[in-house]
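A.B. asks: Here is a sequence with its predicted model. Questions after.
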Amino acid sequence: MSEGEENETCLFLSFLQTLEKSARKRLFEKPSCAFFIFRMLPPMSQQIIVQLIWKGNLQPETSENIDWDRWIKLLSSLDIIQPDDESTSKIPYSIDFSFRRSYLFAVMSGSCRISGLKQQILDEKRKQKEVGKKASERWDCILRYLALPTEQNQKSVSATTRHLFSAAKFTSGDANIEITTVGFQFLLLSPVQQMWTYIIEYFKLEIANGHDIVDLLDLLIQIVLCANKGYEPGHEAFVLENDWDERQNEMIAHLRELGVIFIRKTKDGIFFLTPLLSHLATSELSTAGNSIEKTSNGSVIVETNFRLYAYTSSPLQLAILSTFTEMTYRFNDMSVGMLTRESVRRALQVGITAAQIISFLRTNAHPQCLATGGTLNCLPITVADQIRLWEDERKRMDLKDAYMYSTFESDDEYFGVRNFAQQEGILLWANNDQKLVIVTEDGHERVKQWYKANRKS
């Protein structure tokens, strides 16, 4: 398990925690949703569910030296388990009945069968061999609009996407749209994190408009479950159902815009799965840290002298690199820049973190760097460490609003104020020689009240 899995919850599960309990219960009643939620859980949480379902309790030999509270808290917050006073297990919890029934049905049926989507057999003429390329073009249009919200790029995305980016604070302004700090942070995320963030913001927008998203989530999960390891993009088609309601059809159109699915013509009545769908088929935590995706289209080479080479002509890639790199030369298919203290600090000042910069450089590393250095050493360790040190430089001082007291009339008055502030836990600093006392902003009123009550004594 990666460090991220131990300390974080994936975006999908975090979003489920924000839903109403009744909505989660309705999701548990659907085998596809219960199975997908189980897949997104960390391994230790999965182990708790499996043992409580099949064995009724945890085996003693597997429960020693393990802090179960962390994983139980996650499952409890999702209402998957609840306390069971009658249980004699070391972990006195029971599985939600609907979740247990749906999960068991899904395990015995298989992911493709429980998805409920009808597959259509195609002849060679109807197969779409360039689905992956077309899907990437769709997704690039969205990222390009965010990085460079020009009038031309605005025409390449839907009004829903523009409204979504504005609601998520990725962009600001009405007439002159500009990318925000949060938007830049989104661009530096891994492709899996970007896709999940976008999907969750879409559902948040639906909730804000007063819509029920249970059926939308169910349909999305059904599509995602069809993206098994053996499928060939463009070679398998699924039927666009006539009984889908208006909002489900709107979501299908939106998934088409994202490049998650491909629809040649709506009148054909079918859609194809694309390689981008695999981003939603897994937790973003499983691709973080040491499990960086080895993409064949990486273009960035970073040398130990902090010089950066980007073998790309993509305005999107160059716009992202320029946020933390001093670009010095630009040619038709290659640009050169330097990672400097000033350029990195400029990015840090607008909210971008060192971890995001390092992750972006590794994710977009040139294939030759991946071949020689692997997923970690494709970015020189000295460069990664220096970026972190530049970030640590900004953490030397912790600024807080405070109040300072001076010119006390006597030593007793000074020591009285100092001791009171110390007892109350609001003292930040005191100097006995200069008779100075500094307290927190919140503690100022308490000091005033104490001083008025004890001034005469």
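C.D. replies: Yep, that arrived.

A.B. asks: Could you list everything the closest residue to Thr325 other than its chain neighbours pairs with in the sheet?
C.D. replies: Once flanking residues are discounted, Thr325 sits nearest to Gly337: 4.1 Å by Cβ to Cβ, 6 or more residues apart in numbering. Every C-beta, even on glycine, is put in place using the N, C-alpha and C of the backbone. Under DSSP bridges, the beta-bridge partners of Gly337 are Leu308, Met327.

A.B. asks: okay, now Gly337: neighbour count?
C.D. replies: 23 (other Cβ atoms under 10 Å).

A.B. asks: Was I right to think Ile252 contacts Ile261?
C.D. replies: Yes - the pair Ile252 / Ile261 is scored as a contact, 7.2 Å apart, by Cβ atoms under 8 Å.

A.B. asks: Between the two, which has more neighbouring residues?
C.D. replies: The neighbour comparison of Ile252 against Ile261 (other Cβ under 10 Å) goes to Ile261, with 24 against 21.

A.B. asks: partners of the more buried one in the sheet?
C.D. replies: Ile261 forms beta bridges with Leu273, as assigned by DSSP bridges.

A.B. asks: I'd assumed Ala253 was in contact with it.
C.D. replies: No - counting by Cβ under 8 Å, Ile261 stays clear of Ala253, with 9.8 Å between them.

A.B. asks: ok, Ser410 to Phe306 distance?
C.D. replies: Distance of Ser410 to Phe306, given as Cβ to Cβ, to the nearest Å: 59 Å.

A.B. asks: typo on my end, Asp333
C.D. replies: For Asp333, the distance to Phe306 equals 22 Å [Cβ to Cβ].

A.B. asks: Show me which of the two is the more surrounded one.
C.D. replies: Phe306 (20 against 9).

A.B. asks: show me what contacts that one?
C.D. replies: Met338, Leu339, Thr340, Val383, Gln386 (Cβ atoms under 8 Å, 6 or more residues apart in numbering).

A.B. asks: Output the contacting helices and strands for the one helix or strand the fourth one maps to.
C.D. replies: Secondary structure assignment for Val383, by DSSP states H and E: helix 381-393. Based on contacts counted as 3 or more Cβ pairs under 8 Å, 6 or more residues apart in numbering; DSSP states H and E, the elements that helix 381-393 packs against are helix 341-349, helix 354-363.

A.B. asks: can you rerun that using 10 Å?
C.D. replies: Here helix 381-393 touches helix 341-349, helix 354-363, helix 367-377, going by 3 or more Cβ pairs under 10 Å, 6 or more residues apart in numbering; DSSP states H and E.

A.B. asks: Dump the C-alpha coordinates for the second one into PDB.
C.D. replies: This points to helix 354-363. Extracted in PDB, the C-alpha atoms of helix 354-363 (Å, rounded to 0.1, in the frame of the first residue of the first chain):
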ATOM      1  CA  ALA A 354       6.500  21.400  -4.500                       C
ATOM      2  CA  ALA A 355       4.900  17.900  -4.600                       C
ATOM      3  CA  GLN A 356       2.600  19.000  -7.500                       C
ATOM      4  CA  ILE A 357       5.600  20.300  -9.500                       C
ATOM      5  CA  ILE A 358       7.600  17.100  -8.900                       C
ATOM      6  CA  SER A 359       4.600  14.900  -9.800                       C
ATOM      7  CA  PHE A 360       4.000  16.800 -13.000                       C
ATOM      8  CA  LEU A 361       7.600  16.600 -14.100                       C
ATOM      9  CA  ARG A 362       7.700  12.800 -13.400                       C
ATOM     10  CA  THR A 363       4.300  12.100 -15.000                       C
END
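
A.B. asks: Could you check how far it is from the centre of its chain?
C.D. replies: Relative to its chain's centre, helix 354-363 lies at 14 Å (Cα atoms, centre = their mean, to the nearest Å).

A.B. asks: cool, the longest one as well?
C.D. replies: On the basis of Cα atoms, centre = their mean, helix 367-377 is displaced by 25 Å from the centre of the chain it belongs to.

A.B. asks: Does anything pack onto that helix? Which helices or strands?
C.D. replies: So helix 367-377, by 3+ Cβ pairs under 10 Å, 6+ apart, packs with strand 300-302, helix 354-363, helix 381-393.
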